[in-house]
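sharing a model prediction with you, sequence too.
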Amino acid sequence: MFLRRSRGYQQKLWSIFLGLLCGFFFATWLRLRMVPAMGTCYDPLANDVGVEVRTQQPPETGQSLVFVGVMTAKKYLSTRATAVNRTWAKTIPGKVAFFSSADSNSSELGLPLVSLPGVDDSYPPQKKSFMMLKYMHDNYIDKYEWFMRADDDVFVRGEKLGTFLRSINSSQSLFIGQAGLGNQEEFGKLFLNQGENFCMGGPGMIFSRETLKKIAPNISYCLKNLYSTHEDVEVGRCVRKFAEVDCTWSYEMQQLFYHKYNVKDAYTGKLHVFEHQRAVTLHPIKNTTHLHRMHHYIESQKIADLQLKTLRIHREIHNMNQLLNTPPLNEDKDSAKLGLVPSLQKSVPKTNEQTQKWDFFTKYVHSWKLSNPRKGLDNTQKTALDDIVLQVMQMINENSLARGRTIDFQEILYGYQRINPKYGVDYVLDLLLMYRRHKGKKRNVPVRRHSYIQQAFGRIEFREELQEKVVAKLPDNSVLAPKANAKLHSYSNVLNTKYSPKTIHFVMPLAGRFETFKRFMENLDRTCLVTEEDVKLVVVLFKTAENDQSLEIIKLVAYYQQKYPETELRIVQAVGEFSRGLAIELGASQFPPDALLFLVDVDMYFTSGFMNRCRQNTKKGLLVYYPEVFSQFDPKVVYPRKRSAGSNIVINKRSGFFRHYGFGIVCVYNSDLVHVGGIDSTIRGWGMEDVSLYDKFVSSNMTVFRAPDVGLVHIHHPVICDPNLEPKQFQMCLGSKASSHGSEIDLAGFVHRSQQQQSSNTKR
């Protein structure tokens, strides 16, 4: 009895199962018969927009997706219309034609122009707009899926337009653009009923084929029944009446069909912003120069997109190699490195010196690399951060619109940055964002988010550039040339041998310090006097209260003057307390106004390369050269285990630093020095007179050229700060003394060794 019931129950289950299976196959068969091959579904956002979104890629349409009609005028054919034809018109996945008055002719310009019969260039262009739509319908209605009405001052991004239109079902009656209701002054005067709108003409209107089919036969009626002077309002009214659709109501359309209301400054500033990245059309761009600039920017962004795509392909290859447990091919070594997933922990240091250090920044950069630890963000850093924020916000908002919200960037509260030479630039950013909800209960909420970012390096690229041919006079026995006066191809790292023979006039303030001056004269002898450089030297000499060495200095100058009688070497003796400003004023007065002055200190070591740069980077009445001097650290700190550091000049982070806050060394024409008011000779003792002179040049109409110069080295010497100096001078002296003691690494090592020694002494 139990078995019979059990078998009957199983038979019923099998019957139900077979019935469901047959019903499923029958329903599938019906669906394939009744529904077109292109399946469609409704996107959650489409309910608000009224746009049906395809879930599959449409069949290849070639270049027959969209017909773009550009409304222009006869006076703009050679400017705006030509600029459009040369730029974005080439990127449209379809056809572009220009529509103008009946008397327009573009035979010389080569424009695809349609001269509309019975149409002039009067404003507002209602008749021109409607007749253009009729022309599209009569000639191309079965050749294109979409039809766009555009102005000659809009920029259309063809690739984005194609991607956007291919995601929408063109078989529906659709009217797409940025919806408008008119401004406050026009509100209620455009004869729009409750809930009606129009697509703003500036950013562009898009009609589906079905929409254009419905309005084209009724264009004569629409032209006879105009209620306003606005062409876009009347087109929207015509579409509403005969196609029974409104312009798309959607927050997204404000971003896709982007319009700037400040016409005067539109698209004249920074182009690399989120709004421009997302937009399909950008309006208005009335200046052709700005239109070409926008085209240049959009094309350069395509290069960046391709580089990013390449990087992602490398990562995909790397992931596949890991899944297949296959080592990378020899010719594919880049994929192993470029394919690594972005991470801030790629590089693991083995020693303290290998630790990658971070820079902290807010509105200022606090960097371990700088002697002055705080400075403002330069343009390069600002541009890099803008680009990083732009990419971050694109990722954050990638799916935000489907969820009915957007997140806008407000500011970077603070951040950290470091450069990993092997992998890329690492960032930790604290971002202030604004959460904006558009669906349901609308609200705006400020939020903070931390972003951990690695901007990976791409492939190493090498490019070699040839300069123009130069004639280099080489010795007969030179291994570089078998013939004298040989013509060589000079590469970018080879110095041009042609320099101006302009005389350089050295002006040196001095008080005592005979041994240091002796070293300076030996350097001058090797670099200039032996090589017959065209130089002159004036030493402005002050006597010292104790252990005066003026006589030895005078004898040394006399020795070199006798040795090189063709070179002017002399001393001007000054009276009173030492003043660097007074010394420079006295020394400069010894030379004519057109003399090229080199204001130098006795501690400086210079090379022939610097002499050439002094001449090249100084132009009378235009340019003054303020080199950043390399300042040596204390050799006892740099070389603690050596009795003597030797006489070699070594330039690296351990041996010294470029003194970007020093302004005492300068190449300038004497007349320019007088023109800005000269140096302040009332300042006594050490410092301040150089800063005062630098400020005068910065405030003048001359250009100050400032750059690190490896041919200028400040030889280290003990700094003695006189407590009797003015407080500001005394503090500057103490700061200079502290900065020249040693590098951060050596000072940290000194502290570490001292702690270890103290610890060992304590244990004893």
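Looks like it came in fine. Numbers count the residues shown, from 1 in each chain.

what about the helices in the stretch 401-550 of the chain?
514-524, 550-563 (DSSP state H, counting those that start in this stretch).

name the element the residue nearest to residue 665 when sequence neighbours are not counted belongs to?
Leaving out its chain neighbours, the residue that sits closest to residue 665 by C-beta to C-beta, 6 or more residues apart in numbering is residue 629, at 5.6 Å. Yep, even glycine has a C-beta here, placed from its N, CA and C like the rest. According to DSSP states H and E, residue 629 maps onto strand 623-632.

most tightly packed of the helices of the stretch 401-550 of the chain?
Among the helices of the stretch 401-550 of the chain, helix 514-524 has the highest mean neighbour count (mean count of other C-beta atoms under 10 Å), at a mean of 17.

for that helix, packing partners?
strand 504-511, strand 535-542, helix 550-563, strand 604-606 (3 or more C-beta pairs under 8 Å, 6 or more residues apart in numbering; DSSP states H and E).

out of those, nearest to residue 300?
Residue 300 lies closest, by C-beta to C-beta, to one member of these: strand 604-606, at 42.5 Å.

please, which helix or strand holds residue 748?
Applying DSSP H and E as the criterion places residue 748 in helix 744-763.

residue 139 is nearest to which of the helices and strands packed on helix 514-524?
Smallest distance to residue 139 across the helices and strands packed on helix 514-524 (C-beta to C-beta): 75.9 Å, for strand 504-511.

give the pairing partners of that closest one; include direction for each.
Here strand 504-511 has these sheet partners by DSSP bridges: strand 535-542 (parallel), strand 596-599 (parallel).

surely residue 253 meets residue 174?
No - contact criterion C-beta atoms under 8 Å: residue 253 and residue 174 do not qualify, at 12.0 Å.

can you tell me the centre-most residue of the protein?
Centroid-nearest residue in the chain: residue 383, 3.7 Å away (criterion: C-alpha atoms, centre = their mean).

what's the angle between the one helix or strand residue 710 maps to and helix 514-524?
Counting by DSSP H and E, the element that carries residue 710 is strand 703-714. Relative orientation of strand 703-714 and helix 514-524, computed by axes from the mean of the first three to the mean of the last three C-alpha atoms, to 10 degrees: 110 degrees.

now do strand 703-714, average pLDDT.
Taken as a whole, strand 703-714 has a mean pLDDT of 92.

same check on stretch 211-225?
Mean pLDDT, stretch 211-225: 92.

what is the top strand by length along the chain packed up against?
The strand that spans the most residues within the chain, counting by DSSP state E, is strand 405-420. Under the contact criterion of 3+ C-beta pairs under 8 Å, 6+ apart, strand 405-420 touches strand 359-361, helix 379-396, strand 424-437, strand 443-456.

give me the residues contacting that strand.
Where contact means C-beta atoms under 8 Å, 6 or more residues apart in numbering, the residues beyond strand 405-420 that reach it are 251, 274, 346-347, 356-362, 385, 389, 393, 396-397, 400, 425-439, 446-448.

can you list the strands that it pairs with?
Short version: by DSSP bridges, strand 405-420 pairs with strand 359-361 (antiparallel), strand 424-437 (antiparallel).

what residues sit buried inside it?
Residues 405, 406, 407, 409, 412, 415, 416, 417, 418 are the ones in strand 405-420 that count as buried (16 or more other C-beta atoms under 10 Å).

and the helix or strand that contains residue 612, how far out from the chain's middle?
Taking DSSP H and E as the definition, one finds residue 612 inside helix 608-616. Centre-to-centre, helix 608-616 and its host chain are 32 Å apart (C-alpha atoms, centre = their mean, to the nearest Å).

buried stuff in that helix?
Neighbour-count burial for helix 608-616, with 16+ other C-beta under 10 Å as criterion, is recorded at 610, 611, 612, 613, 614, 615, 616.

looking just at contacts, which helices and strands does it meet?
Applying 3+ C-beta pairs under 8 Å, 6+ apart, we find helix 608-616 packed against strand 504-511, strand 596-599, strand 623-632, strand 703-714.
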